[in-house]
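A.B. asks: what follows is a predicted structure for the sequence shown.
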Amino acid sequence: MRRQLARLKRHQGKYMIFGTKKANGGVTALYRSVIRLYAAIPYSFSRTGRSFPAWHYFFEVTRRCNLRCKMCQYINWLENTPTKVQAEGELTTDEWLNVIDQTGRWSLITFTGGEVWVRKDFGTILDHACAKRRVHIISNATMLTEQRARHCVELAPKRLGGKGLNFAGISIDGTREVHDTIRSQRGAFDKSMKGIKILAETRREMGKRCPLIHINTVILKDNLEVLPEMPRVAAEAGAEVLNLLTEMRAHDLPELGHADPASFSQSQLAMPTIDTKRLDEVLRETMREAEAAGIELRLPRTPYEELLTYHETGYDLTNYECRSVWTNLYVGAKGGVYPCFIHNVGNVRENTLREIWNSPTLRRFRVRRREGGFAVCQGCCELEHKGYACETVCSRQPQEEAPPRHSSIHAAE
């Protein structure tokens, strides 16, 4: 293992996205390059924490969900809060439409949950957003009917990057039996696969490229042994991308989002641990399978050995920076606003997004985050290893000495 990691250090200068050589990998690299460039000037030169207007918005339209995933940050709330009570306090349809109108003309909106389709008015909210902005949705696809799938494709732009539904992310965490166990519902896998296939087939019938479909899979002990099968699952469903994510346990902290993020220590986190030797073997096999299946495989934005280290001791956060608080803004189901889920900075029922974005509270948080990370940042998909922003789309089989190197993020209210 040590010899392998020594070889890896010679290749730390690049991140790699393994799989197909189609334009999908270019889209990923372009997005990350643009958003990093957009943040570069204020991040580097703004002493007061003032930033350009937000570019990527994450809207958590509901916390409610029809599944009960083991690793979900809302699992305790979902299991212990009566269904009739769960919707109380959520932003209304009109309030969400007003929030959408406050976003920038060239911005990207990601809708997440909970499960977005649990809201009966989500189609109306999606219509409004797609008419004005570039849109991305994250769903488990179990409620994606033929009618909804056709609606999604109708909302897709003629060309990638135009106004409308550009991307659809579907959460699948394993093969049938493993996925159903993690999601605590028999038949969940088949429902999700059916939804994805309907979306992909409708897209083909209508002659559109969008929405591009990506599968989100969290790396867990429970699904480790089936990860190499996930590229095949993604390909069979009609997806273009398999996105492997790290498990994050900061959401277990009850005061997260309200207490000072610096008040938490890593010892308070139930960090996920996986045997790194076996994880390395599994990830390498998954890369080979992704190449064979023609699926783009995305790994976290960190050198490969750091991904292994995370599952043993956690990241050394002094080696990481976060620029997302200079470009991203999150709005929770009840209107809470966050530069990221660890710190609340307002509510859309009290102030506009523009008023909140460069408010003294948010500017102070940006400066603090630039000076150093917090323990609760462990595992966050927005972390970026210092000095390794450049990404390469690799269309060939990775050599042993050159392995590679990835939100949904939900606001805490």
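C.D. replies: Good, I have the coordinates. Owing to the predicted nature of the structure, the values given are computational and were not obtained by experimental measurement.

A.B. asks: what's L279 in contact with, if anything?
C.D. replies: Counting by Cβ atoms under 8 Å, 6 or more residues apart in numbering, L279 makes contact with 219, 224, 308, 311. No exception for glycine: its C-beta is placed from N, CA and C like everyone else's.

A.B. asks: secondary structure class for it?
C.D. replies: helix (DSSP: H, G, I helix; E, B strand; the rest coil).

A.B. asks: who does H343 form a beta bridge with?
C.D. replies: Per DSSP bridges, the residues bridged to H343 are G257, C340.

A.B. asks: quick check: it touching E255?
C.D. replies: No - H343 lies out of contact with E255 (Cβ atoms under 8 Å); the separation is 11.5 Å.

A.B. asks: between those two, which is the more surrounded one?
C.D. replies: A side-by-side neighbour count of H343 and E255, using other Cβ atoms under 10 Å, places H343 first with 23 against 11.

A.B. asks: pLDDT at that one, what is it?
C.D. replies: H343 is assigned a pLDDT of 93 by the prediction.

A.B. asks: what about N344, how many neighbours?
C.D. replies: N344: 20 neighbours (other Cβ under 10 Å).

A.B. asks: tell me which stretches of the stretch 1-150 of the chain form helices.
C.D. replies: All helices of the stretch 1-150 of the chain, identified by DSSP state H, counting those that start in this stretch, fall at 2-9, 23-45, 75-80, 83-86, 93-101, 122-132, 146-154.

A.B. asks: oh, I was asking about the stretch 201-350 of the chain
C.D. replies: For the stretch 201-350 of the chain, the helices defined by DSSP H, counting those that start in this stretch cover 230-237, 276-293, 304-310.

A.B. asks: how many neighbours does R204 have?
C.D. replies: 12.

A.B. asks: with adjacent residues omitted, what lies nearest to it?
C.D. replies: Setting aside the residues directly before and after it, R204 is nearest to G238 in space (Cβ to Cβ, 6 or more residues apart in numbering), at 8.0 Å.

A.B. asks: roughly how far apart are the one you found and G294?
C.D. replies: Separation of G238 from G294 (Cβ to Cβ, to the nearest Å): 12 Å.

A.B. asks: do the same with L108
C.D. replies: As judged by Cβ to Cβ, L108 and G294 stand 26 Å apart.

A.B. asks: do the same with V116
C.D. replies: 28 Å.

A.B. asks: between the two, who's got more neighbours?
C.D. replies: V116 (23 against 16).

A.B. asks: just the strands from the stretch 151-300 of the chain, written as ranges.
C.D. replies: Counting by DSSP state E, counting those that start in this stretch, the stretch 151-300 of the chain has strands at residues 164-171, 212-219, 241-246, 296-298.

A.B. asks: which of the ones you listed sits most buried?
C.D. replies: strand 296-298 (a mean of 28; mean count of other Cβ atoms under 10 Å).

A.B. asks: could you list the low-pLDDT ranges of the stretch 151-300 of the chain?
C.D. replies: Applying pLDDT under 70 to the stretch 151-300 of the chain picks out no residues at all.

A.B. asks: what residue ranges in the stretch 301-413 of the chain are flagged as low confidence?
C.D. replies: The model of the stretch 301-413 of the chain has pLDDT under 70 over residues 387-413.

A.B. asks: apply 50 and report the result again.
C.D. replies: Counting by pLDDT under 50, the stretch 301-413 of the chain contains low-confidence ranges at 389-413.

A.B. asks: and the strands in it?
C.D. replies: Under DSSP E, counting those that start in this stretch, the stretch 301-413 of the chain gives strands at 320-321, 328-331, 336-338, 346-347, 384-385, 391-394.

A.B. asks: closest to N243 out of the contacts of L279?
C.D. replies: I219 (10.8 Å; Cβ to Cβ).

A.B. asks: quick check: which of the helices of the stretch 201-350 of the chain is nearest to S33?
C.D. replies: With Cβ to Cβ, the closest approach to S33 among the helices of the stretch 201-350 of the chain belongs to helix 304-310: 20.3 Å.
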